[in-house]
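Chemist: My questions are about this predicted structure, shown below with the sequence.
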Number of protein chains: 2
Amino acid sequence: MQNMIGDPIPLLHGVQSYSTAPERRDAAANRARILMVAEALFAEHGVSAVNMAEIAEEAGVGKGTLYRNFANKGELCLILMDTQLREFQDQRLELMRSQSESGIPCLEQLAEFLEALVAFTEVHMPLLFEVQQDTQALNEREIQRPHFWQYMTAYGLLRSAVRAGELPADFDSAYMAEALLAPLAPPTFRFQREVLGFDVDRIAEGLNLILGALSSLQRIIA
Amino acid sequence: MQNMIGDPIPLLHGVQSYSTAPERRDAAANRARILMVAEALFAEHGVSAVNMAEIAEEAGVGKGTLYRNFANKGELCLILMDTQLREFQDQRLELMRSQSESGIPCLEQLAEFLEALVAFTEVHMPLLFEVQQDTQALNEREIQRPHFWQYMTAYGLLRSAVRAGELPADFDSAYMAEALLAPLAPPTFRFQREVLGFDVDRIAEGLNLILGALSSLQRIIA
DNA sequence: TTGACAAACGGACGCGAGTCCGCTACAATT
DNA sequence: AATTGTAGCGGACTCGCGTCCGTTTGTCAA
């Protein structure tokens, strides 16, 4: 469940570049410049206030070039998060490995994972929000939406929990993984944060409580 | 889906019409015509394949007129569901009243509510999806998004459950109501249905299981 | 070097949402 | 019936996204 990412090549995402001819020098330079410009503009004006034409212009390329490198605004945002996304992933994987060795229950690991994910989502909301928009287009390319590994991680931990007897044998891990992550979907999360005014801790605690409730399920039956 | 058409004070939503001068005859006729045309076009081509210009043209009005009546596509869709939304609401309220009288536990009522809501969401997905899009614009007018009463209902039942001792006293009903409804947010629901292939019953059961787990929480403590 | 052929470029274009504002015509008033 | 103020109308326009396609240019082979 790790590393479904694309590892050989750094920008995992480098749309093509899988072994066919290396890309042209100027093309690479353009892509790098676009990313830097986008990051700067986003930082200055906010993600939603910057449009693709501005990015292209500021980077000194045409829109065609911009879209040649990034299928849409969402993909551009995703790639801007790439490093941090990978770091986060690696950290969690490492942590979970050591937690498993220490015999920490899977559900507890999942609780910590969700807590960390809440923090991550909070920090990267603006970019994540854009990414979420065009899920469809993203699926068509070979890019992994963040949701995918989140799902795989949660699903994996739930399945392990079932195997370990922390959850009933007929527990629907696949659905539950989705249900637990649903409140973290960017539009939903944003609504809770900005409209309802829930703070980050409250959300984390809420999710934690659901997990607690699920684990008590098994205790009841036993 | 009949008759959300013109009737006098039709749409709780009727953007203005709160006691000021009655609207002009031709305006009412236009609005009614727009709604009929939209319904027909949506039925024929699917909601997402029909654009606002087409609706205006087919209804024989300008885009200005269309937008005078409906702030955006989402609002138009919302009003098309109006009758059914109200019926659903009324049914559930009535049902809950009788359930309460029969002493059925609040959490059980909530479980049934969620099950019904899953069915409702499934049926109205295409319209709900559009509605969800422009939450912001909707909030600014005095229109109730479907989410609002869903939330109030769930929240109310959870609070009653706490009062009835079915849940711990420090239970965060407000957050939990949101968390339970999150999987029903149109984009999330649609993803689960169409991409992951979960069927409606599976989703309903999953939500039901979470509720079951939550109720067992209290049993543990007691 | 030079030639040639993709890859890469760039900006005009199409599309759909939603806005704006000058014009129209309803209905209230005399 | 004529007058008039205003709600209502219509469609050109703006905006942002994303596409298309004729042109340029890096790279590689001769």
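Modeler: It's in.

Chemist: so who does A:S215 touch?
Modeler: Residues near A:S215 by CB atoms under 8 Å, 6 or more residues apart in numbering or on different chains: A:P105, A:L107, A:A161, A:E166, A:L167. C-beta: built from backbone N, CA, C; applies to glycine.

Chemist: Tell me how far it lies from B:L127.
Modeler: 38 Å (CB to CB, to the nearest Å).

Chemist: Okay, now the unreliable bits of chain A?
Modeler: Where chain A drops to pLDDT under 70, the residues are A:1-22, A:135-144, A:220-222.

Chemist: ranges for the helices of it?
Modeler: Assigned by DSSP state H, chain A shows helices spanning A:25-45, A:52-59, A:63-69, A:73-80, A:82-101, A:106-133, A:135-140, A:146-163, A:173-181, A:186-190, A:200-221.

Chemist: returning to what we had before: filter the contacts of A:S215 down to the buried ones.
Modeler: Buried by 16 or more other CB atoms under 10 Å in any protein chain shown: A:P105, A:L107, A:A161, A:E166, A:L167, out of the contacts of A:S215.

Chemist: what would the helices of chain A look like in JSON lines with distance to DNA strand C?
Modeler: Conversion of the helices of chain A to JSON lines gives the following (distance: least, CB to the nearest atom of the strand, whole Å):
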{"stretch": "helix A:25-45", "distance to DNA strand C": "4"}
{"stretch": "helix A:52-59", "distance to DNA strand C": "7"}
{"stretch": "helix A:63-69", "distance to DNA strand C": "2"}
{"stretch": "helix A:73-80", "distance to DNA strand C": "13"}
{"stretch": "helix A:82-101", "distance to DNA strand C": "19"}
{"stretch": "helix A:106-133", "distance to DNA strand C": "14"}
{"stretch": "helix A:135-140", "distance to DNA strand C": "14"}
{"stretch": "helix A:146-163", "distance to DNA strand C": "25"}
{"stretch": "helix A:173-181", "distance to DNA strand C": "28"}
{"stretch": "helix A:186-190", "distance to DNA strand C": "15"}
{"stretch": "helix A:200-221", "distance to DNA strand C": "29"}
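
Chemist: Looking at the ones you listed, which is nearest to B:Q91?
Modeler: Smallest distance to B:Q91 across those (CB to CB): 25.3 Å, for helix A:173-181.

Chemist: which residues touch A:M96?
Modeler: A:Q109, A:F113, A:T153, A:L157.

Chemist: Tell me which two of the residues you listed sit farthest apart.
Modeler: For the contacts of A:M96, the farthest-apart pair by CB to CB is A:Q109 and A:T153; their separation is 9.5 Å.

Chemist: Give me the more crowded residue out of those two.
Modeler: Neighbour totals were compared for A:Q109 and A:T153, and A:T153 leads with 23 against 20 (other CB atoms under 10 Å in any protein chain shown).

Chemist: residues from chain A in reach of DNA strand D?
Modeler: With CB under 7 Å from any atom of the strand as the criterion, chain A meets DNA strand D at residues A:24-26, A:51-53, A:63-64, A:67, A:71-74, A:134, A:137.

Chemist: Of the residues you listed, which is the most crowded?
Modeler: Most neighbours among these, by other CB under 10 Å: A:G74, with 23 neighbours.
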